[in-house]
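**Student:** can't give you the sequence, but here's the structure:
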DNA sequence: CATTGTGTTTAGTTGTTACTGAACATAATG
DNA sequence: CATTATGTTCAGTAACAACTAAACACAATG
């Protein structure tokens, strides 16, 4: 859980410098991973660049400066601005400042996947609510419909319970 | 094109006729639900119309004819065709035929949410694989990175396990 | 107080997706 | 065989999302 104790003003755990000397294959693996994170985040409805930034942080941990992000990922400052905000809102990364440095820095949050899971659960609860409302608003004599709605509601109830357990387990082992 | 009479052969659980006499409020609730299903499916990257069709089936169960779907949901036959196929591929609905009737009919699948859950798990396994590959392709000396990747991998492992348990529980109670 | 460095907002471009209407293919019916 | 009923495919369109570059706002610095 310790992201990178040191944080020493200017030394991220691993910087580009530290892998520049590695084989091209390693570099390919890293870039491949970052790109894959972009693609799969896009599949989930989160902008590709946000996913790539997240991938970058999973690899390098941070702190990494705003300008460095734009530079290394080859995207505009505008994109860094909006997509870093998206990730911050999700709670995946956090913005930090360094004394005597005007730049913004970001680093990976403590347990990004817990945030992810919490997000899923929120969605499930919303679905539960939709089914509940539907169940309440349709005429009693549509019994087959009520049955289906209740089956769906029950599914989400169990799913939330199950994931809540998982969440607790994960928090325990942090 | 007359639908209501043509449907005689078999008796869907609930037909439009059975709620036409209900209050507008009930109708509003149903339409609201169908629309909400459309919106939340869109949030999940599935076309709005597909979500509305699914909502329709959760309410009415089926069997419902192709033409009836187009008519009641006010969408083109083309849209019904492609979106019903999407839902069929997901395993949410299934196509059935009635003897002596040329029309296609669809009905809700047995346990649509099990399909949903299986879909989620597939996605999780893909993520697991991405982290595994990254872990393998990165130089050993990037230890903090390896640690982060392993934490992520472990998260997905536990999530898959947990959901697998849930899946079994749901299947048992079917 | 002008200049520079920094992040944000905005306007415009590009690419993507969902939908419709029409053409099409196919099978049943007269 | 012509006609009708039915579902699929395709071309075009409209709406939307993501990204960039440029304008902007603001704070620090000289």
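**Tutor:** Looks like it came in fine. Being a predicted model, the structure only gives us computed values, none of them experimental.

**Student:** output the below-cut-off pLDDT ranges for chain A.
**Tutor:** Filtered on pLDDT under 70, chain A yields the residue ranges A:1-27.

**Student:** tilt between the longest helix along it and helix B:143-172?
**Tutor:** Under DSSP state H, the helix in chain A containing the largest number of residues is helix A:143-172. If you take axes from the mean of the first three to the mean of the last three Cα atoms, to 10 degrees, helix A:143-172 sits at 150 degrees to helix B:143-172.

**Student:** okay, buried residues for helix A:143-172 please.
**Tutor:** The neighbour-count check on helix A:143-172 (16 or more other Cβ atoms under 10 Å in any protein chain shown) flags A:145, A:148-149, A:151-153, A:155-156, A:159-160, A:162-163, A:166-167, A:170 as buried. Every residue, glycine included, has its C-beta placed from N, CA and C.

**Student:** so which of these also contact chain B?
**Tutor:** Within the set of the buried residues of helix A:143-172, contact with chain B (Cβ under 8 Å from any Cβ of the partner chain) is found for A:145, A:148, A:149, A:151, A:152, A:155, A:159, A:162, A:163, A:166, A:170.

**Student:** show me the helices in chain A, by range?
**Tutor:** With helices called from DSSP H, chain A shows them at A:16-20, A:24-43, A:48-60, A:66-73, A:77-90, A:112-137, A:143-172.

**Student:** quickly compare these and say which is most buried.
**Tutor:** The highest average neighbour count among those, using mean count of other Cβ atoms under 10 Å in any protein chain shown, belongs to helix A:48-60 at a mean of 24.

**Student:** which one of the helices of chain A lies closest to residue B:85?
**Tutor:** helix A:24-43 (19.6 Å; Cβ to Cβ).

**Student:** how about the residues of chain A near DNA strand C?
**Tutor:** Within chain A, the positions lying close to DNA strand C (Cβ under 7 Å from any atom of the strand) are A:65-67, A:77-78, A:80-82, A:84-85, A:102-104.

**Student:** please redo it, this time with the cut-off set to 10 Å
**Tutor:** A:42-43, A:65-70, A:76-85, A:88, A:95, A:97, A:101-106 (Cβ under 10 Å from any atom of the strand).

**Student:** how about the ones next to chain B among the buried residues of helix A:143-172 in JSON lines, adding distance to residue B:134?
**Tutor:** Formatted as JSON lines, these follow (distance: Cβ to Cβ, whole Å):
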{"residue": "A:145", "distance to residue B:134": "47"}
{"residue": "A:148", "distance to residue B:134": "42"}
{"residue": "A:149", "distance to residue B:134": "42"}
{"residue": "A:151", "distance to residue B:134": "39"}
{"residue": "A:152", "distance to residue B:134": "37"}
{"residue": "A:155", "distance to residue B:134": "33"}
{"residue": "A:159", "distance to residue B:134": "29"}
{"residue": "A:162", "distance to residue B:134": "28"}
{"residue": "A:163", "distance to residue B:134": "25"}
{"residue": "A:166", "distance to residue B:134": "23"}
{"residue": "A:170", "distance to residue B:134": "21"}
